[in-house]
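K.L.:
Sequence first, predicted coordinates after that:
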Protein chains: 2
Amino acid sequence: MHTAEFVKPDGRKLTLYGLEPLEVTSGIPSPSPEAVDARPVMRWHPLRGEWVMYAAHRLGRTFLPPPEYNPLAPTSDPEHPTELPRGNYDIAVFDNRFPSLTLSAPEPDPGPALTRAGVGACEVVVFSQNAQGRLSDLTDDQMALLISVWADRTTRLARTGKIHSVLCFENRGVEVGVTLHHPHGQIYAYDHIPPVQAEMLRNAGRYAREEGRPWLADFVQAEREAGTQVIHDLGEALSVVPPFARYTYETWVLPSRPVSLLSELTDSERLAFARVLKDTLLRLDALFSVRMPYLLTVHQAPLDGQHPEFPLHIEIYPYLRAPGRMKYLAGTEQGAGEFANDKFPELAARELRQVQV
Amino acid sequence: MHTAEFVKPDGRKLTLYGLEPLEVTSGIPSPSPEAVDARPVMRWHPLRGEWVMYAAHRLGRTFLPPPEYNPLAPTSDPEHPTELPRGNYDIAVFDNRFPSLTLSAPEPDPGPALTRAGVGACEVVVFSQNAQGRLSDLTDDQMALLISVWADRTTRLARTGKIHSVLCFENRGVEVGVTLHHPHGQIYAYDHIPPVQAEMLRNAGRYAREEGRPWLADFVQAEREAGTQVIHDLGEALSVVPPFARYTYETWVLPSRPVSLLSELTDSERLAFARVLKDTLLRLDALFSVRMPYLLTVHQAPLDGQHPEFPLHIEIYPYLRAPGRMKYLAGTEQGAGEFANDKFPELAARELRQVQV
């Protein structure tokens, strides 16, 4: 992996990643020379017991720009700078211009609720220079590079000493509000352990204490023995529709060896993980012969210490539950925290196994 | 409140509610004489620590029927029976034909995860005979009747001895997947305490123990003193954009006197609560001069004992964060359990106060 770090004219950081030695053939641009005055704050929700992030500068953010302006493409016309320079990089990461959290968030004035600075980080990960491509159009090596990039961002964010949890994700599809079609993802880095990661840590920790084995090891073994949920198995990594799937075609990508962070994967494991991820995304697009809208989240252990019991894995939530039928989060999902699913996961798994990719 | 109970040809229960003595002028219909063979099951999500409901018969459920067939309208043509008879009722409640949970769910075969019967109940609440109306078109007395109906359903479900938590809700808007436009809501009744209610109970309980006062009493007093978040205050009930709102125009309807169940409201409190709820819904529709898509959830104490510290309230999540701009739950909301909000709640509250209704 080759990397090069830069600072944009407005002060934000940019890191380029490549499979080959990097050459940058233009200046480092920014859509505007002025820094966004981000003063994010968090407030405490006393009944749900979670922080809510407020970033009041975000409402004016870029929204479905005309095709001639794509802020994630390399800058071709210096009169209309984008976020990225010209060069031979494969993947680029930069600070979000409209962050919900920043490492330098100032102490806020006292608010009408328990309020504190929105300390954290929000990064944009551009998966490719191909504006029309999909994440699954990456080659196996590029996909493995992306895994390395996610691992590298996690390591770098942890090194600030301010970050306790990192969430890498891709949200895809106009159906779910994606404003830029160029293939990209985001990273949210928190100065605390958010509710979902805290719950996973609690449950995986309890399992490890009670059973004496990591949850992920037992889960992989059980799924391989049952066979009903497995979609694609490359030995060092596999994909399954978990038997407790919340979304109809929810698919998880798992390493066979239980680890807690992407950075622990060996080169060989990383390549297998990348191949299974690519296979999963291709199957989801092939399932109904449409670009499946989805949310992909990478679950890694909290960074506030060693949590070897936390199961590294990727969860993909496809939003279509049938051709043309979106899953919406309604009363029971949002009001009670429990999902209703129309199809048994083993049936969804069978359909995904039978898809030709 | 006048009530009349019936059994549909397919065995499901129907209860009619009216402000006046009830007269039914047709037979009790059902869209099909055959009972749906609902065998819902629940499976345990070991990492998120929550139940997931599977109701495999649901996928074929009614979807955007042509205007000539509205299953929630009174039956006009006996050749095409709907869910409801003709009569002078105001509100009707019946068992959902495609339930995610049923009181008689059979023990399932062992599954590929911790599995048990999907015991609970799913009901449909038809707010009005006016297929083109909105919930906010109800008169004050009809809205107060709806509050009584929600209270009555909760009491009746608790009386089965199988229900530990009841969630009444309305999900409105084609934008969020609503398949029937006739104004209606749903009720989910659980045989356990779902994660959201468990968390609220834990937090409100801790507050009451530590402060010696119910959370709701202190919250209402603080909001009245601050004044920045209050939208409409009728003394016995009020609406606020909570200072920790997760959705941009999230609005809560609260009683002034801290109670834990709708059934505890006095006649006078119920009418004030109904008026504030109607006022809230009218403001949300007036805000951008469109029918605001929203989720409305009624939060009541669990039914497995006495929980006077639980704060009865209604939460409304409007899905538009600006004209034409939907809020979607993406990476941080679904992957971490923390919301990003573009606007400070006190600014949203000011806008909602200034709306003419």
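P.N.:
Yes, it's here.
K.L.:
how would you label the residue nearest to A:L180 when sequence neighbours are not counted: helix, strand or coil?
P.N.:
Nearest residue to A:L180, sequence neighbours excluded (C-beta to C-beta, 6 or more residues apart in numbering or on different chains): A:L72, at 5.9 Å. For glycine as for every other residue, the C-beta is placed from the backbone atoms N, C-alpha and C. Following DSSP: H, G, I helix; E, B strand; the rest coil, we place A:L72 in the coil state.
K.L.:
For A:L72, which residues are in contact?
P.N.:
When contacts are counted by C-beta atoms under 8 Å, 6 or more residues apart in numbering or on different chains, A:L72 is found next to A:T82, A:E83, A:L84, A:V124, A:V126, A:A131, A:L180, A:H182, A:H184.
K.L.:
can you list these in CSV and add secondary structure and pLDDT?
P.N.:
Compiled in CSV, those are given as follows (DSSP: H, G, I helix; E, B strand; the rest coil; pLDDT from 0 to 100):
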residue, secondary structure, pLDDT
A:T82, coil, 95
A:E83, coil, 97
A:L84, strand, 98
A:V124, strand, 98
A:V126, strand, 98
A:A131, coil, 94
A:L180, coil, 88
A:H182, coil, 95
A:H184, strand, 98
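K.L.:
in the stretch 101-250 of chain A, which spans are helices?
P.N.:
Counting by DSSP state H, counting those that start in this stretch, residue ranges of the helices within the stretch 101-250 of chain A are A:140-159, A:195-211, A:215-226.
K.L.:
Buried deepest among those helices, which one?
P.N.:
helix A:140-159 (a mean of 20; mean count of other C-beta atoms under 10 Å in any protein chain shown).
K.L.:
buried residues in stretch A:226-243?
P.N.:
A:228-234, A:236-243 (16 or more other C-beta atoms under 10 Å in any protein chain shown).
K.L.:
From these, which land in strands?
P.N.:
Residues of those located in strands (DSSP state E): A:V230, A:I231, A:H232, A:D233, A:A237, A:L238, A:S239, A:V240.
K.L.:
and of the buried residues of stretch A:226-243, the nearest to chain B?
P.N.:
For those, the closest approach to chain B (C-beta to the nearest C-beta) belongs to A:P243, at 3.8 Å.
K.L.:
I figured the closest one hits B:G111, correct?
P.N.:
Yes - using C-beta atoms under 8 Å, A:P243 makes contact with B:G111 at a distance of 6.5 Å.
K.L.:
if I look at these two, which residues touch both of them?
P.N.:
Both A:P243 and B:G111 are contacted by B:R43, under the criterion C-beta under 8 Å, 6+ apart.
K.L.:
Tell me which residues touch A:K8, please.
P.N.:
Under the criterion of C-beta under 8 Å, 6+ apart, the neighbours of A:K8 are A:L14, A:I28, A:P29, A:S30, A:E83, A:F94, A:D95.
K.L.:
who wins for neighbours among those?
P.N.:
Highest neighbour count within the contacts of A:K8, by other C-beta atoms under 10 Å in any protein chain shown: A:E83, with 27 neighbours.
K.L.:
What is the burial count for the closest residue to it other than its chain neighbours?
P.N.:
Spatial nearest neighbour of A:E83, excluding adjacent residues (C-beta to C-beta, 6+ apart): A:P71 at 5.0 Å. Each residue near A:P71 was counted by other C-beta under 10 Å, and the total is 21.
K.L.:
cool, A:G324 as well?
P.N.:
9.
K.L.:
Tell me how far it lies from A:L347.
P.N.:
From A:G324 across to A:L347, the span is 19 Å (C-beta to C-beta, to the nearest Å).
K.L.:
re earlier: tell me which of the helices of the stretch 101-250 of chain A approaches A:P302 most closely.
P.N.:
Comparison of these against A:P302 by C-beta to C-beta identifies helix A:195-211 as nearest, at 5.8 Å.
K.L.:
So what touches the closest one?
P.N.:
A:49-50, A:165, A:167, A:193, A:214-216, A:218, A:299, A:301-302, A:307, A:309-311, B:46-49, B:335-338.
K.L.:
quick check: angle from that helix to helix B:195-211?
P.N.:
Using axes from the mean of the first three to the mean of the last three C-alpha atoms, to 10 degrees, the inter-axis angle of helix A:195-211 relative to helix B:195-211 is 90 degrees.
K.L.:
Determine how far helix A:195-211 lies from the middle of the whole chain.
P.N.:
Relative to its chain's centre, helix A:195-211 lies at 21 Å (C-alpha atoms, centre = their mean, to the nearest Å).
K.L.:
Which residues of the stretch 151-300 of chain A lie near chain B?
P.N.:
A:165, A:167, A:169-171, A:176-177, A:186, A:188, A:190, A:194-197, A:199-200, A:202-204, A:207, A:215, A:219, A:222, A:226, A:228-229, A:242-246, A:295, A:297, A:299 (C-beta under 8 Å from any C-beta of the partner chain).
K.L.:
First residue to last residue on stretch A:80-98, what's the distance there?
P.N.:
Taking C-alpha to C-alpha, to the nearest Å, stretch A:80-98 runs 19 Å from one end to the other.
K.L.:
I misspoke; the intended subject was stretch A:79-88.
P.N.:
Terminal residues of stretch A:79-88 lie 22 Å apart, using C-alpha to C-alpha.
K.L.:
Would you indicate which residues of it are buried?
P.N.:
A:P81, A:T82, A:E83, A:L84, A:P85, A:R86, A:G87.
K.L.:
circling back: among the contacts of A:K8, which pair sits farthest apart?
P.N.:
Farthest-apart pair in the contacts of A:K8 is A:P29 and A:D95; separation 13.9 Å (C-beta to C-beta).
K.L.:
Distance from stretch A:231-242 to the middle of the chain?
P.N.:
19 Å.
K.L.:
end-to-end on it?
P.N.:
Span of stretch A:231-242 from end to end, C-alpha to C-alpha: 10 Å.
K.L.:
show me where the stretch 201-350 of chain A has strands.
P.N.:
A:230-233, A:237-240, A:251-255, A:294-299, A:313-318, A:320-322, A:325-326, A:339-341 (DSSP state E, counting those that start in this stretch).
K.L.:
try the stretch 51-200 of chain A
P.N.:
So, for the stretch 51-200 of chain A - with DSSP E, counting those that start in this stretch - the strands run A:91-95, A:115-117, A:120-126, A:165-172, A:184-190.
K.L.:
which helices and strands does the last one pack with?
P.N.:
Using 3 or more C-beta pairs under 8 Å, 6 or more residues apart in numbering or on different chains; DSSP states H and E as the contact criterion, the secondary-structure elements in contact with strand A:184-190 are strand A:120-126, helix A:140-159, strand A:165-172.
K.L.:
Go ahead and name everything in contact with the second one.
P.N.:
What it means is helix A:140-159. A:1, A:3, A:17-19, A:90-91, A:93, A:121, A:123, A:125, A:127-128, A:135, A:138, A:163, A:166, A:168, A:187, A:189, A:261-263, A:265, A:270-271, A:273-275, A:277-278, A:298, A:300, A:303.
K.L.:
Among these, the buried ones, what's the PyMOL command?
P.N.:
A single PyMOL command selects the buried members of the contacts of helix A:140-159 (16+ other C-beta under 10 Å):
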select buried, chain A and resi 17+18+19+90+91+93+121+123+125+127+128+135+138+163+166+168+187+189+261+262+263+265+270+271+273+274+275+277+278+298+300+303
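K.L.:
before we move on, the earlier item: pipe the helices of the stretch 101-250 of chain A into JSON lines and attach mean pLDDT per row.
P.N.:
Output for the helices of the stretch 101-250 of chain A, formatted as JSON lines (pLDDT from 0 to 100):
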{"stretch": "helix A:140-159", "mean pLDDT": "98"}
{"stretch": "helix A:195-211", "mean pLDDT": "98"}
{"stretch": "helix A:215-226", "mean pLDDT": "97"}
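K.L.:
Quickly list the domain ranges of chain A.
P.N.:
Using automatic domain parsing, the domains assigned to chain A come out as A:2-193, A:196-354.
K.L.:
if I look at A:R270, how far off is chain B?
P.N.:
Between A:R270 and chain B the computed distance is 21 Å (C-beta to the nearest C-beta, to the nearest Å).
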